[in-house]
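sharing a sequence plus its predicted fold:
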Amino acid sequence: MVDEITPLLIKRYASRRLYNTETSDYVTLEDIASVIRSGREVQIVDLKSGDDVTRQYLLQIIAEHESRGENVLPINVLNDLVRSYMLPGGGLMPQFLQSSFEILREGQTQLMENMEKMNPLATMPGFEAIRAQQEAFIKAMTAGWGTTSLRKEQQGESRSEIEDIKAQLADLQRKLSELS
């Protein structure tokens, strides 16, 4: 069984074809997107130069989904992203986005835990199937942002660390508001 925390290594050949080193076959961008939606990270490496080209391909996956009308990123967010490239060091945007997604993942995990705790049907036979359907629904609605497969270190975070992240996020939001 492959360790789910270890990123899936994809090799890019000179022909720009992408090769999955675990399944020993060629993959498409949509195949890579499916792996990511399932909760696994990927690392894409150029075979010739050894350069990590993961960022380039992840951005390409996002661009393809946006061009097909799957508009997840509002125009004002896209504008802010473009502006952040003009600021020295990228400004606060990278930290803000990372903190926001961490809070989102934590909230989704808490939602799933609360659904299980508060549901009186949890002891009913067949509840596991219903719970699995709920998880799949939430995962589909959030485009697979890691609702059920968090990293072990995220699962072990204490409540005070989460509160620190929330405070940092609020501070970042305040600073962003002051900038605009």
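The structure has been received and is ready for your questions. Residues are numbered from 1 along each chain as shown.

okay, now the unreliable bits of this structure?
1-4, 89-91, 115-125, 127, 130-131, 136-161, 180 (pLDDT under 70).

can you rerun that using 80?
Applying pLDDT under 80 to the chain flags the ranges 1-5, 71, 85-97, 105, 108-180.

where along it do the strands fall?
Under the criterion DSSP state E, the chain contains strands at 8-12, 18-20, 25-27, 42-46.

now do the last one and strand 8-12, the angle between them.
Inter-element angle recorded for strand 42-46 and strand 8-12: 30 degrees (by axes from the mean of the first three to the mean of the last three Cα atoms, to 10 degrees).

could I get the strands of the chain as a markdown table with distance to residue 107?
C-betas here are computed from N, CA, C, even on glycine. Shown next, in a markdown table, are those (distance: least, Cβ to Cβ, whole Å):
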| stretch | distance to residue 107 |
| --- | --- |
| strand 8-12 | 26 |
| strand 18-20 | 32 |
| strand 25-27 | 31 |
| strand 42-46 | 25 |
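
reformat those as TSV; add mean neighbour count and distance to residue 71.
Shown next, in TSV, are the strands of the chain (neighbours: other Cβ atoms under 10 Å; distance: least, Cβ to Cβ, whole Å):
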stretch	mean neighbour count	distance to residue 71
strand 8-12	18	27
strand 18-20	18	26
strand 25-27	14	25
strand 42-46	17	24
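
of the ones you listed, which is nearest residue 57?
strand 42-46 (5.0 Å; Cβ to Cβ).

how about the CA coordinates for the closest one, as PDB?
C-alpha atoms of strand 42-46 as PDB (Å, rounded to 0.1, in the frame of the first residue of the first chain):
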ATOM      1  CA  VAL A  42       1.700  15.100  -6.800                       C
ATOM      2  CA  GLN A  43       5.200  16.200  -7.700                       C
ATOM      3  CA  ILE A  44       6.000  16.600 -11.400                       C
ATOM      4  CA  VAL A  45       9.600  16.500 -12.300                       C
ATOM      5  CA  ASP A  46      11.200  17.200 -15.700                       C
END
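
so in this structure, which helix runs the longest?
Ranked by residue count and defined by DSSP state H, the top helix of the chain is helix 93-118.

show me what that helix packs onto, helices and strands only.
helix 75-84, helix 127-141, helix 152-155, helix 159-179 (3 or more Cβ pairs under 8 Å, 6 or more residues apart in numbering; DSSP states H and E).

that helix vs helix 75-84, what angle?
Orientation note: helix 93-118 sits at an angle of 140 degrees relative to helix 75-84 (the same axes, to 10 degrees).
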